[in-house]
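[1] Have a look at this prediction, sequence included:
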Amino acid sequence: MNSIKPYVRVAVALFVLLVITVGAAYINLGVFNTPVAMLISLIKAVLIILFFMHVRRADPLIQIFVVAGFFWLGIMLTLTLSDFLTRHP
Amino acid sequence: MRPDSTVAHQFEDATQQRDAATLGMWLFLGTEILFFGALFLSYMVYRLHNPEVFRVASEHTLVAVGTLNTAVLLLSSFTMVLAVRAAELKQRLMLVVFLGVTALLGTVFLGVKGFEYAHEIHEGLFPGSHFRFTEADPTRARMFFYLYFLMTGVHALHVTIGIVLLGIFALRALLTMRLEQLSTAVDLLGLYWHFVDIVWVFLFPLIYLVGRHV
């Protein structure tokens, strides 16, 4: 808590990832452009949640709430897309 | 003054009180996750149906300005975390400074976003009566801009609320005698601010970076 070094490292990582995501958008990766962009966003989000939001050293009960929040989002996205991605016109 | 005089009578100690407050904040953020999640889901469904239209429409957003704004918001998350740290270490001056800087960066973000909106409305990209987008199927392209203005608009509303709270907290940090009580509140405001940052982290590539490689 007394050192700001971990925060500086995370901030630098976030800026590097921002540069990578913009750079990757200009390279033709075919169908993988959006998945790669989403993966980078996911890494950024996890870094922010674990280090900036202090979930890494939070009480286990709080960690369960955090995971549950995103898990329910996962259910919403997965079940809806399992319909739209498998429809036959 | 007793050391635990800031602990309400229903809590065992300060740690339990703080954990309870953090838990409540995450419960609120859980509702926010689903709120924004539904908007992201709509975006996904419409984009799956109209990949080409979304690509063409996305090219009309200002990618350099969007990248700059993302950097501003990421930097504001860093200054927010320093404010939370200052509150925990009871450094009043640092707390006020970092809350102020975070609010300032949030205001810069909103200013830049306003400039973008003005540009887009001038270009006829706002899906109202003056919508004049002709490059792709206009009724389908309209949906991209609906989602763009709705999602960034709701996000900007969250940033605005954050800035107002940052201002109030900076004032409280200046005026209050006891920083112990403010520390937990600043921590919770930090959680809110970082969450709003995370929403933007996902919005940015979905709005500005669709099909830039073509």
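    That came through, no problem.
[2] and the stretch of helix or strand residue B:164 belongs to, what other elements does it pack with?
    Using DSSP states H and E, residue B:164 falls within helix B:138-175. Packing contacts for helix B:138-175, counted by 3 or more CB pairs under 8 Å, 6 or more residues apart in numbering or on different chains; DSSP states H and E, involve helix B:14-49, helix B:51-58, helix B:92-122, helix B:179-208. (Glycine included, C-beta is placed from N, CA and C.)
[3] Is there proximity between the longest one and chain A?
    Yes. Helix B:14-49 lies in contact with chain A when judged by CB under 8 Å from any CB of the partner chain; the contacting residues are B:19, B:22-23, B:26-27, B:29-30, B:33-34, B:37-38, B:40-41, B:44-45, B:48-49.
[4] can you check the third one too?
    No. Counting by CB under 8 Å from any CB, chain A has no neighbours in helix B:92-122; the shortest distance is 10.8 Å.
[5] Now do the lowest-mean-pLDDT helix or strand in chain B against helix B:138-175, angle only.
    Every helix and strand of chain B was ranked by mean pLDDT, DSSP states H and E. The lowest is helix B:51-58, at a mean of 92. Here helix B:51-58 runs at 50 degrees with respect to helix B:138-175, directions being taken by axes from the mean of the first three to the mean of the last three CA atoms, to 10 degrees.
[6] what about chain A, any weak spots by pLDDT?
    A:1-2 (pLDDT under 70).
[7] the helices in it, which residues?
    Using DSSP state H, the helices assigned to chain A run over residues A:5-25, A:33-47, A:60-84.
[8] Let me have those helices in a markdown table, extended by mean neighbour count.
    Formatted as a markdown table, the helices of chain A follow (neighbours: other CB atoms under 10 Å in any protein chain shown):
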| stretch | mean neighbour count |
| --- | --- |
| helix A:5-25 | 16 |
| helix A:33-47 | 17 |
| helix A:60-84 | 14 |
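[9] Adding distance to residue B:141, write those out as JSON lines.
    As requested, those are exported to JSON lines (distance: least, CB to CB, whole Å):
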{"stretch": "helix A:5-25", "distance to residue B:141": "20"}
{"stretch": "helix A:33-47", "distance to residue B:141": "18"}
{"stretch": "helix A:60-84", "distance to residue B:141": "20"}
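[10] Residue B:69 is nearest to which of those helices?
    Smallest distance to residue B:69 across these (CB to CB): 10.8 Å, for helix A:5-25.
[11] Residue A:20 is in contact with residue A:40, correct?
    Yes. Contact criterion CB atoms under 8 Å: residue A:40 and residue A:20 qualify, at 6.2 Å.
[12] Quick check on the residues of helix B:14-49 next to chain A: which are buried?
    Taking 16 or more other CB atoms under 10 Å in any protein chain shown as the criterion, what is buried in these is B:19, B:22, B:23, B:26, B:29, B:30, B:33, B:37, B:40, B:41, B:44.
[13] quick one: low-confidence parts of chain B?
    Residues of chain B that meet the criterion pLDDT under 70 lie in B:1-5.
[14] Centre of the chain to stretch B:145-159, how far?
    Mean-position distance between stretch B:145-159 and its chain equals 10 Å (CA atoms, centre = their mean, to the nearest Å).
[15] brain fart, stretch A:34-50
    The chain centre lies 3 Å from the centre of stretch A:34-50; the measure is CA atoms, centre = their mean.
[16] on that earlier part again, quick check: the farthest pair among the buried ones among the residues of helix B:14-49 next to chain A?
    B:19 and B:44 (35.1 Å).
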